[in-house]
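Visitor: Model the following, please.
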Amino acid sequence: MVVLAGCSSEVNDPHEGALPKGESLGEMRQQAGEALARYEQAVINADGAATVTVTPPPWNSPPGISIESATSTRASTRLTVTFTGTREPATRPCGADYHAEAVESANAVVVIVIAQPHAANEVCTLVGYRRTANLNLAQPLRQRVVLEARQGQPVPLTTPE
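Guide: Numbering: from 1, shown residues only. Predicted coordinates:
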């Protein structure tokens, strides 16, 4: 798992400075857009079949934090995602705060998770804890699938009663 952390000299977004060089929020959004395009192509290739098979990207280890699951109702615009991260918040050594954003299409939602670490260049081994982040979608989830950003694969969706 890669936790996005570090510094950048060009800050256009309030969260941009938390990303290492080469892993800007713009690049993460582009990666999410590419995941959506792969999913849309998989939907076309499925030609109405119940199973849609997504081809992962051609690279071995794309940057980002991969979500493991999502929770929402189909009628809601509120989505909660689960992922692996640090134990403590950013106010503590080796901690991080997380936020998420969505890149959406008619068929899918790709979730980008961004870490805001305690300190740049801090070497930490305290990763491996279940964390969550909440986000709002532009449109209700309805029948769309939720995709993780690194490989563009669907994640399990829990819909509470």
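Visitor: Show me which positions of the helix or strand in which Glu40 is found end up buried.
Guide: Here Glu40, judged by DSSP states H and E, is contained in helix 25-46. Of the residues in helix 25-46, 25, 28-29, 31-32, 34-36, 38-40, 42-43 count as buried by neighbour count, 16 or more other CB atoms under 10 Å. Where C-beta positions appear, they are placed from N, C-alpha and C, glycine not excepted.
Visitor: immediately after it, which helix or strand?
Guide: Heading C-terminal from helix 25-46, the first helix or strand you meet, by DSSP H and E, is strand 67-71.
Visitor: now the angle from the helix or strand following that following strand to strand 67-71?
Guide: Sequence-wise, the next helix or strand downstream of strand 67-71 (DSSP H and E) is strand 78-86. Strand 78-86 and strand 67-71 are oriented at 150 degrees to each other (axes from the mean of the first three to the mean of the last three CA atoms, to 10 degrees).
Visitor: Now do strand 78-86: which elements does it pack against?
Guide: Counting contacts by 3 or more CB pairs under 8 Å, 6 or more residues apart in numbering; DSSP states H and E, strand 78-86 is packed against strand 67-71, strand 96-104, strand 108-117, strand 127-136.
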